[in-house]
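In: Build me a structure from this.
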Amino acid sequence: PARRAGCGETASVADPTQNWIRDEDITPIQGLLVAFRPDQLPDRVTRAMWHHEFAHQAFYVDVRWPVMTMGLESLVHTDRARSTAQFVDRLLGVQATMEVDLAGEEELREMYDRRSQLAHGRGLGAYDDETRALYISLENLLRSILVRAITDANFAARFQSVEEVKVSWPLS
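Out: Now for the predicted structure:
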């Protein structure tokens with residue numbers, strides 16, 4: 001149930017033409033709700049879910065971008081060194097495991113660079129069509145991984161521990 005007051009009162013979307021549930025969305029949502037067992041998901045996945053949901057409570061993309069990126073990082077980041085490589089290499093690996101291509105190497109680098117700009121006090125820059133498309137790819141990537149983790153226990157298990165993440169998606 002949605003709260004009617006407080007920090008969860010509103011939700012924002014990157015593409016205002018996609019701010020509704022369509023008839024064809026109902027069956028996949030039902031399947032997701034049936035499969036949803038948060039107590040059986042790895043902590044990394046539930047943290048990523050929290051970041052995904054929290055980000056949508058912010059209107060401004062320059063606030064949402066780092067939070068969405070943190071959601072992805074919570075899934076694949078294992079060590080202090082080589083943060084960009086962990087983000088890029090492992091998310092390419094995750095996509096290969098899922099057999100999807102939602103963001104290529106250059107897009108992932110740009111997503112992480114934009115996150116770093118924002119996290120370190122610089123602005124996002126122009127929110128033009130190219131930047132909006134990149135942000136939407138960021139959201140879609142996190143959302144797709146979360147849906148797969150909720151509906152596929154074997155996939156979710158790859159996020160169970162630092163060691164499992166490292167074995168599943170080693171750095172190049």
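In: Just give me how far stretch 27-45 sits from the chain centre.
Out: Relative to the centre of its chain, stretch 27-45 is centred 15 Å away, using Cα atoms, centre = their mean, to the nearest Å.
In: actually stretch 22-30, sorry about that
Out: 21 Å.
In: per-residue confidence averaged over it?
Out: Averaging pLDDT along stretch 22-30 yields 93.
In: how about Gly123, what does it touch?
Out: Taking Cβ atoms under 8 Å, 6 or more residues apart in numbering, we find Gly123 in contact with Asp62, Gln117. Heads up, the C-betas are built off the backbone N, CA and C, glycines and all.
In: Let's check: the centremost residue of this structure is which one?
Out: Central residue of the chain (Cα atoms, centre = their mean): Leu142, 2.2 Å from the mean position.
In: Please, which helix or strand holds that one?
Out: helix 129-151 (DSSP states H and E).
In: contact partners of that helix?
Out: Taking Cβ under 8 Å, 6+ apart as the rule, helix 129-151 contacts 14-15, 31-32, 35-36, 41-42, 45, 48-49, 51-52, 55, 61, 64-65, 68-69, 71-72, 75, 91, 94-95, 98, 100, 102-103, 107, 110-111, 114, 124-125, 155-156, 159.
In: Only the buried subset of those residues, as a ChimeraX command please.
Out: Buried members of the contacts of helix 129-151, identified by 16 or more other Cβ atoms under 10 Å, are gathered into one ChimeraX selection as follows:
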select :14,41,42,45,48,49,51,52,55,61,64,65,68,69,71,72,75,91,94,95,98,102,103,107,110,111,114,124,155,156,159
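In: all helices of the protein, in order?
Out: Remark: helices assigned in the chain by DSSP state H are 26-35, 43-55, 61-76, 83-98, 105-119, 129-151, 153-157, 162-168.
In: Only C-alpha atoms, please: export the second one in PDB.
Out: To tie it back to what came earlier, the one meant is helix 43-55. C-alpha atoms of helix 43-55 as PDB (Å, rounded to 0.1, in the frame of the first residue of the first chain):
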ATOM      1  CA  ASP A  43      21.000  -8.300   1.100                       C
ATOM      2  CA  ARG A  44      22.700  -6.800  -2.000                       C
ATOM      3  CA  VAL A  45      19.400  -7.200  -3.900                       C
ATOM      4  CA  THR A  46      17.200  -5.700  -1.200                       C
ATOM      5  CA  ARG A  47      19.600  -2.800  -0.800                       C
ATOM      6  CA  ALA A  48      19.500  -2.200  -4.600                       C
ATOM      7  CA  MET A  49      15.600  -2.400  -4.400                       C
ATOM      8  CA  TRP A  50      15.700   0.300  -1.700                       C
ATOM      9  CA  HIS A  51      17.800   2.600  -3.800                       C
ATOM     10  CA  HIS A  52      15.600   2.000  -6.800                       C
ATOM     11  CA  GLU A  53      12.400   2.900  -4.900                       C
ATOM     12  CA  PHE A  54      14.000   5.800  -3.000                       C
ATOM     13  CA  ALA A  55      15.200   7.400  -6.200                       C
END
